[in-house]
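In: with the input below, show me the fold.
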Amino acid sequence: MPVIEAHEVYKVFGRRPERGVARLRDGATREELRADGLTAAVIDASFEVAEGEIFVVMGLSGSGKSTLIRTVNGLQPPTAGSIRVGGEDLMDLDGRGLRRLRRERISMVFQHFALLPHRTVGENAAYGLKVRGINRAERERRAEKALQMVGLGGWAGSLPAQLSGGMQQRVGIARALAAETDVMLMDEAFSALDPLIRREMQDQLVELQHELGKTILFITHDLNEAMRLGDRIAMMRDGRIVQQGTAEQILNDPANDYVAQFVQDVDRTRVLTASSVMEAPVAVIGATQGPRAAHKLMREHQMSAVMVVARDRQLVGVVTERAAATAVAAGRSDLSGVMEAVASAAPDTAVADLFAASADNATPIAVIDERGRLQGVIPRVTLLSALGETSGPEAAEAVQPVLIDEGSLA
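Out: Just a heads-up that it's a prediction; the model follows:
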């Protein structure tokens, strides 16, 4: 079950907003409603956020993204539609139920830190716990643990004014972590920071997410930030979600001209991954085969090198045509002394991180899964050509290597 579910959510401001929803459903535009004194902030928005996922909602100012996140914690109840968090429908909760949900299930990180200036860093980090009635010793313990997670161990006794902007935002994150809620809502959490600190905060969020596996709804207007952080992204325009998908899906297959223009200046090498540019090897050879079989296979397929795999698709190494020919001339009967180490990468490795390995190795980069099984290969020419493609290559399907039997090559 998704942790967060939004279904056909509308948020209209003004007198008799329900009539505005009806008009929108009948095809009225945002501008037509505005002429009648109604503001359609969110229009027919539906999405789901899975457990442990960072789901990013991005759009320009006025797109409705911040209003949308406020409907998720009940600060602004939707005019129509439903929001469910952890299976609870917010529309069914009264004021007490909403406060309980915010205390126990949802924590919020704001754009402008929202720290209490007269309280210490530790007291700010523990503030949510104090509101919940947690005893002082326990909240201090949890606050200190959270401060340690964000690199602020030892700062608990300082005041917010003594911290830099990036450090103050870390306190805001620590406050959310100390609450130990399932869901974190982050509304433009890093946009007030300068670029270098913002990058550091993004790195830290990624590290924390690997460790804690929170369910995060993250709002931003920065496309590079969205594509760097989001497991999936929803792009908003004029109150509507115009496309949802992974960063690669949005970059490679934009839903419309608006999205295409939005992503045209994105650094593709930071978004595309090894799995999206890899290709199936023409052929592979089994580890039990010999140099003669490898040499014949490469000549038949005009390959300069061939990947060597075990029967369970475990990557063993790579054999070049020159090494195989030399071994044949020397009368060698096995590949053990012929194989070379092969440069490898995980499927989610960014293309930008593949260039050094490609430059240092004449043989293709092998893409392997967490169990060391061959998924695909990336020749140098494929890596370079991927950068120039405007639509990007489709992700290759996992390779099922065919082990070549020496007898079939005789």
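In: chain center to stretch 121-134, what's the gap?
Out: 30 Å (CA atoms, centre = their mean, to the nearest Å).
In: in that stretch, what counts as buried?
Out: 121, 122, 123, 124, 125, 126, 127, 128, 129, 134 (16 or more other CB atoms under 10 Å). Where C-beta positions appear, they are placed from N, C-alpha and C, glycine not excepted.
In: what does stretch 220-234 give?
Out: So for stretch 220-234, counting by 16+ other CB under 10 Å, buried means 220-230, 232-234.
In: please apply the same query to stretch 263-280.
Out: By neighbour count with 16+ other CB under 10 Å, stretch 263-280 contains the buried residues 263, 266, 268, 271, 272, 273, 274, 275, 276, 277, 278, 280.
In: and those, which of them are in helices?
Out: Of the buried residues of stretch 263-280, the ones assigned to helices by DSSP state H are 263, 268, 271, 274, 275, 276, 277.
In: quick check: the farthest pair among those?
Out: By the measure CB to CB, 263 and 274 form the most distant pair in these, at 20.0 Å.
In: let me know the closest of the ones in helices among the buried residues of stretch 263-280 to residue 313.
Out: Nearest member of those to residue 313, counting by CB to CB, is residue 275, at 15.8 Å.
In: the closest one is in contact with residue 378, isn't it?
Out: No: using CB atoms under 8 Å, residue 275 is not in contact with residue 378, being 9.8 Å away.
In: okay, and the common contacts of these two?
Out: Counting by CB atoms under 8 Å, 6 or more residues apart in numbering, the common neighbours of residue 275 and residue 378 are residue 367.
In: hang on, the earlier thing: pLDDT-wise, what's the bottom of the ones in helices among the buried residues of stretch 263-280?
Out: On pLDDT alone, residue 268 ranks lowest of these, at 78.
In: need the helix or strand of this structure with the lowest average pLDDT.
Out: helix 380-388 (a mean of 77; mean pLDDT, DSSP states H and E).
In: show me where the stretch 51-200 of the chain has its strands.
Out: 54-58, 80-85, 88-89, 106-109, 183-187 (DSSP state E, counting those that start in this stretch).
In: so which of these comes closest to residue 257?
Out: If you check each of these against residue 257 by CB to CB, strand 54-58 wins as the nearest, at 17.2 Å.
In: will you turn the strands of the stretch 51-200 of the chain into a markdown table that also has mean neighbour count, distance to residue 339 and mean pLDDT?
Out: Formatted as a markdown table, those follow (neighbours: other CB atoms under 10 Å; distance: least, CB to CB, whole Å; pLDDT from 0 to 100):
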| stretch | mean neighbour count | distance to residue 339 | mean pLDDT |
| --- | --- | --- | --- |
| strand 54-58 | 24 | 40 | 96 |
| strand 80-85 | 20 | 53 | 95 |
| strand 88-89 | 14 | 57 | 92 |
| strand 106-109 | 24 | 50 | 90 |
| strand 183-187 | 23 | 47 | 93 |
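In: so for residue 238, which of those sits nearest?
Out: Checked against CB to CB, the stretch from these lying closest is strand 54-58, at 13.9 Å.
In: hmm, who's touching that closest one?
Out: 4, 47, 49, 65, 68-69, 205, 209, 216-223, 225-226, 229-236, 241.
In: for the residue nearest to residue 247 when sequence neighbours are not counted, helix, strand, or coil?
Out: Leaving aside its sequence neighbours, residue 247 sits nearest to residue 227 (CB to CB, 6 or more residues apart in numbering; 4.0 Å). At residue 227 the chain is in helix, as set by DSSP: H, G, I helix; E, B strand; the rest coil.
In: from residue 270, how far off is residue 227?
Out: From residue 227 across to residue 270, the span is 7 Å (CB to CB, to the nearest Å).
In: any idea how far residue 85 lies from residue 226?
Out: 22 Å.
In: if I look at the residue nearest to residue 247, how far off is residue 317?
Out: From residue 227 to residue 317 the distance is 35 Å (CB to CB).
In: just residue 323 next, same as before
Out: Counting by CB to CB, the gap from residue 323 to residue 317 is 11 Å.
In: now for the helix ranked longest in the chain, which elements pack on it?
Out: Longest helix in the chain, counting residues (DSSP H): helix 195-212. When contacts are defined as 3 or more CB pairs under 8 Å, 6 or more residues apart in numbering; DSSP states H and E, helix 195-212 sits against helix 165-178, helix 223-229.
In: still on that earlier bit, so which of the contacts of strand 54-58 sit within helices?
Out: 65, 68, 69, 205, 209, 223, 225, 226, 229.
In: ok so, going back, the residue nearest to residue 247 contacts residue 245, correct?
Out: No: judged on CB under 8 Å, residue 227 makes no contact with residue 245 at a distance of 11.0 Å.
In: name the residues contacting each of these two.
Out: Counting by CB under 8 Å, 6+ apart, the residues touching both residue 227 and residue 245 are residue 233.
In: quick one, which of the strands of the stretch 51-200 of the chain is nearest to residue 39?
Out: Using CB to CB, the strands of the stretch 51-200 of the chain put strand 80-85 closest to residue 39, at 14.8 Å.
In: for that closest one, packing partners?
Out: Where contact means 3+ CB pairs under 8 Å, 6+ apart, strand 80-85 is packed against strand 4-13, strand 39-49, helix 65-72.
In: any stretches of the stretch 301-410 of the chain with poor pLDDT?
Out: 386-410 (pLDDT under 70).
In: swap the cut-off to 90 and go again
Out: Applying pLDDT under 90 to the stretch 301-410 of the chain flags residues 311-313, 331-338, 348, 350-353, 355-362, 380-410.
In: the helices and strands packed on helix 195-212: which one's closest to residue 9?
Out: Among those, the nearest to residue 9 by CB to CB is helix 223-229 (19.9 Å).
In: who's in contact with the closest one?
Out: 54, 56, 58, 190, 198, 202, 205-206, 218, 220, 233, 247, 250-251, 262-263, 266-267, 270-271.
In: list the buried ones in the longest helix of the chain?
Out: Buried positions in helix 195-212, judged by neighbour count with 16+ other CB under 10 Å: 197, 198, 201, 202, 204, 205, 208, 209.
In: and it, what's its mean pLDDT?
Out: Helix 195-212 shows a mean pLDDT of 87.
In: ok, residues contacting stretch 308-325?
Out: 284-287, 291-292, 294-295, 298-299, 303-307, 335, 338-342, 344, 362-364, 366, 368, 371-374, 400-401, 403.
In: contacting residues for residue 255?
Out: 242, 243.
In: 10 Å instead, please
Out: By CB atoms under 10 Å, 6 or more residues apart in numbering, the contact set of residue 255 is 235, 242, 243, 244, 245, 249.
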